[in-house]
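Participant: my questions are about this predicted structure, shown below with the sequence.
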Amino acid sequence: MKTVSFVTYLLRGYSEAIQPHQESISQSIVELLKTCPDNVSTRKELLVATRHVLSAQEFRRGFYTHIDTLLDEAVLVGTGRACFDSLRPLAYSFLAELVHHMRLELSLPQIRRTVYMFSRNVQDASLPLSIQMTCVRLMHHLVESIFRRRNDPSQAADARANLIRILDATVSKFRTIRPQVAALLDSARAAEDAEAAAAAATKKQQDEVAAATGGTDSITKEEPVEPTSTAATGAEPEKEKEPSTAVITKDADGREVIVIGSSGKPQTPAEAIKRLTDTKALVKTLVIGRFVTVHCGEEFETFRSLIKRRRGMRIRLLYGDLTR
């Protein structure tokens, strides 16, 4: 792992000297992914280093020949439960970036495997909404590559089937989000009320402290106050209070304000508002992608019907006299 990290460091300043070895570097990284133990920290370090290598445009193409291996989740994430729970967001982000760069060079079987994997991730509620949005965007970026296959009669049927799979995954996600909309809006309103109540409580506390300490300004520099000796009084010194970093979830009357998320679990006001914002962005991405997918599907069918009409006209021109 340290060697791979060192190679990624060399890519920043010595890419020209390392460029002839891009095939061996990508091959070595893929072999490391195959043989790496199911240790979360080790695999995470390897995925981070691999993503740095992928960000270098000169070394990106070296991974194109290994896309079939990287589409295997056992190679990319590992087989351990801890790796499966912790590393999937990072692994799928890396894979989505790789597939996006080589989307025009994918074969139909590779497109089929990619659509299957990422459409399944879109429906996985355990993944963050940002990763689900990445999966949706990737599937919609594959529409262009699929649409180019419409001219080939041997690939047209399979290409159209992939378009339908993408559209079905999009519609299914709409069906999943719809029941959550009311709960998301309610939790966001409760979060805004909680933040307003917390601000009011903080202001009230500050006003009380300012009113209680209003007479201390009479102490001047000419008359300093001598510190009281703890030995003489026998009292223990007061410990200096550290500033609190906890989120205030109490209203002006001191009552606790609890925000319940759409999943039924308590969450902070910031988390509730962020989830609503991410859901809005996800819905926007789904709407745009659905429009593109439906448009390509209609054009796909129109092109096929046009080819059939032209083929029928050609047959009638050739054999029209014989059928009379």
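Facilitator: Cool, the structure landed. This structure is a prediction, so every number in the text was calculated from the model and none was measured.

Participant: tell me the pLDDT at the most centrally placed residue in the chain?
Facilitator: Nearest to the centroid of the C-alpha atoms of the chain, with distances taken as CA atoms, centre = their mean, sits Ile131, at 2.2 Å. Reported pLDDT at Ile131 in the predicted model: 92.

Participant: what's the answer for Glu242, then?
Facilitator: Note for Glu242: predicted pLDDT of 39.

Participant: from here on, call the first residue 135.
Facilitator: Got it, the first residue is 135 from now on, which makes the last one we talked about Glu376.

Participant: if we can go back for a sec, the residue nearest to the centre of the chain contacts Ala225, correct?
Facilitator: No - taking CB atoms under 8 Å as the definition, Ile265 is not a contact partner of Ala225, at 9.9 Å. Glycine gets a C-beta too; all of them are placed from N, C-alpha and C.

Participant: mind listing the helices for this structure?
Facilitator: With DSSP state H applied, the chain shows helices at 136-147, 149-152, 156-169, 174-189, 191-194, 201-204, 207-210, 215-235, 242-256, 263-281, 287-311, 315-346, 364-367, 403-453, listed in chain order.

Participant: most packed of these?
Facilitator: helix 263-281 (a mean of 21; mean count of other CB atoms under 10 Å).

Participant: show me the contact partners of that one.
Facilitator: Around helix 263-281, the neighbours that count as contacts under CB atoms under 8 Å, 6 or more residues apart in numbering are 222-223, 226-227, 230, 233-234, 237-238, 240, 245, 248-249, 252-253, 255-256, 258, 293, 296-297, 300, 303-304, 307, 409, 412-413, 415-416, 419-420, 422-423, 426-427, 430, 433-434.

Participant: coming back round to it: relative to Gln153, how far out is the residue nearest to the centre of the chain?
Facilitator: Ile265 sits at a distance of 32 Å from Gln153 (criterion: CB to CB, to the nearest Å).

Participant: measure Leu181 to Asn173 for me?
Facilitator: Remark: distance between Leu181 and Asn173 (CB to CB) = 12 Å.

Participant: kindly provide the distance from Asp258 to Cys269.
Facilitator: Separation of Asp258 from Cys269 (CB to CB) stands at 9 Å.

Participant: which residues are contacting stretch 220-229?
Facilitator: Under the criterion CB under 8 Å, 6+ apart, residues 174, 177-178, 181-182, 184-185, 188, 204-205, 207, 210-212, 252, 255, 261-262, 264-265, 268-269 lie in contact with stretch 220-229.

Participant: least reliable of the helices of the chain by average pLDDT, please.
Facilitator: helix 364-367 (a mean of 42).

Participant: isn't Arg294 right next to Glu432, touching?
Facilitator: No - judged on CB under 8 Å, Arg294 makes no contact with Glu432 at a distance of 11.3 Å.

Participant: tell me, how many residues neighbour the closest residue to Cys217 other than its chain neighbours?
Facilitator: Spatial nearest neighbour of Cys217, chain neighbours left out: Asp172 (5.1 Å); criterion: CB to CB, 6 or more residues apart in numbering. Taking other CB atoms under 10 Å as the criterion, the count of residues near Asp172 is 16.
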